[in-house]
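Novice: generate a structure from the sequence data that follows.
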Amino acid sequence: MAKKPVLVVMAAGMGSRYGGLKQIDPVGNCGEAILDFSLFDAYEAGFETAVIIIKEAIKDDFMELVGKRLEKCPMEIRYAYQELDKLPEGYTVPEGRTKPWGTSHAILCAREEIDGAPFAVVNADDYYGKDAYKVIYDFLAGNEDGEKYSYCMVGYELGKTVTDNGSVARGVCVTNEEGFLTEITERTRIEKYEGGIHFTEDDGATWTELTEDTTVSMNLWGFTESFINEAEASFPAFLDATISGGKAKAEFFLPSTVSKLLGEDRATVKVLHSADKWYGVTYAADKPVVVAALKEMTEAGLYPETGLWNK
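Specialist: Okay, here's the model as predicted:
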């Protein structure tokens with residue numbers, strides 16, 4: 001019998017631009033974090049198990065401020081830990097490296113807890129909307145690899161995902177007529193300006209325009225276990241290039257692994273779409289917008305006013 005899809009939540013980010021542990025910052029009427037809303041929506045969509053990836057350094061705070069609350073969540077909650085020294089045999093952490101190894105590495109750290117199930121990946125500090133969880137659960141529940149790996153992602157319009165408070169990183173997507181991803185490029189500095197939206201790759205020396213309706217990845221992916229196998233196989237080459245090239249801050253991103261498989265024509269990625277608006281907290285100044293939006297949705301009856309886990 002096929003295993004039911006599992007939700008994997010990325011909560012190990014350092015929150016440097018935000019100035020704190022945004023993964024556990026309260027935004028709901030009863031002190032809930034965005035993570036709580038994600039789990040609530042995912043459970044309604046059909047997910048019964050969630051794997052939350054954190055760091056040992058925030059474990060105590062996380063368990064005190066969030067973990068106790070999630071004991072009332074009807075989902076099975078598992079925890080995985082992303083640490084710098086979780087590396088293939090023969091590799092050690094380069095001197096001075098403090099930045100996490102990235103989202104593909106996070107998935108490798110969660111392999112045991114995912115336990116061979118198909119899985120969706122979300123960021124703990126992003127609100128994706130109820131519809132997004134429904135469409136990705138339905139895809140994963142009826143999906144399996146064929147001649148090629150069969151993956152999916154939920155795409156959003158760029159104009160609905162940027163902030164007025166600074167730059168953002170987004171995976172810029174190109175799709176074919178059938179709605180499959182043909183190319184994804186990680187742009188780590190995208191900014192709004194008075195005339196539109198643009199990105200830079202040379203620290204602002206030059207800029208390239210992007211349209212508001214450009215499809216971007218918000219790290220809401222759906223994978224089979226084959227993705228973990230491929231990431232594991234690719235990680236040593238990434239480490240070799242990073243260490244030998246002196247790239248002290250390079251990260252092993254999910255889109256990079258996907259791009260490699262697309263380039264080798266070994267995977268397909270169906271781009272799904274959600275009617276809901278995305279909200280996120282990249283900077284502290286983003287928080288009031290998220291709080292107001294969730295308050296409005298709660299008042300409209302989308303979430304219980306007495307708290308997500310107090311029904």
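Novice: in this structure, which helix or strand is least confident?
Specialist: Counting by mean pLDDT, DSSP states H and E, the weakest-scoring helix or strand in the chain turns out to be helix 59-62, with a mean of 86.
Novice: list the buried ones in that helix?
Specialist: Buried residues in helix 59-62, counted by 16 or more other Cβ atoms under 10 Å: Phe62. No exception for glycine: its C-beta is placed from N, CA and C like everyone else's.
Novice: now do the helix or strand following it: which elements does it pack against?
Specialist: Counting by DSSP states H and E, the element after helix 59-62 in chain order, helix or strand, is helix 68-70. Using 3 or more Cβ pairs under 8 Å, 6 or more residues apart in numbering; DSSP states H and E as the contact criterion, the secondary-structure elements in contact with helix 68-70 are helix 34-45.
Novice: need the CA coordinates for the helix it packs on. PDB is fine.
Specialist: Below are the C-alpha coordinates for helix 34-45, written out as PDB (Å, rounded to 0.1, in the frame of the first residue of the first chain):
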ATOM      1  CA  ILE A  34       2.600  31.100  10.500                       C
ATOM      2  CA  LEU A  35       3.600  27.500  11.000                       C
ATOM      3  CA  ASP A  36       0.400  26.800  12.900                       C
ATOM      4  CA  PHE A  37      -1.700  28.100  10.000                       C
ATOM      5  CA  SER A  38       0.300  25.900   7.600                       C
ATOM      6  CA  LEU A  39      -0.300  22.800   9.600                       C
ATOM      7  CA  PHE A  40      -4.000  23.600  10.000                       C
ATOM      8  CA  ASP A  41      -4.500  24.100   6.300                       C
ATOM      9  CA  ALA A  42      -2.400  21.000   5.500                       C
ATOM     10  CA  TYR A  43      -4.400  18.800   7.800                       C
ATOM     11  CA  GLU A  44      -7.700  20.100   6.200                       C
ATOM     12  CA  ALA A  45      -6.200  19.200   2.800                       C
END
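Novice: quick one: it to chain centroid distance?
Specialist: On the basis of Cα atoms, centre = their mean, to the nearest Å, helix 34-45 is displaced by 14 Å from the centre of the chain it belongs to.
Novice: ok, now stretch 188-208?
Specialist: Relative to its parent chain, stretch 188-208 has a centroid offset of 22 Å by Cα atoms, centre = their mean.
Novice: so what touches it?
Specialist: 158-159, 162-164, 166-170, 172, 187, 209-212 (Cβ atoms under 8 Å, 6 or more residues apart in numbering).
Novice: now with 7 Å, please.
Specialist: Where contact means Cβ atoms under 7 Å, 6 or more residues apart in numbering, the residues beyond stretch 188-208 that reach it are Leu158, Gly159, Val162, Asp164, Ser167, Val168, Ala169, Arg170, Arg187, Glu209, Leu210, Glu212.
Novice: residues contacting the last one?
Specialist: Going back to what we said before, that points to Glu212. Glu157, Leu158, Gly159, Ile197.
Novice: neighbouring strands for the longest strand along the chain, and are they parallel or not?
Specialist: With DSSP state E applied, the strand covering the greatest number of residues in the chain is identified as strand 181-193. Strand 181-193 has these partner strands in its sheet, going by DSSP bridges: strand 168-175 (antiparallel), strand 196-199 (antiparallel).
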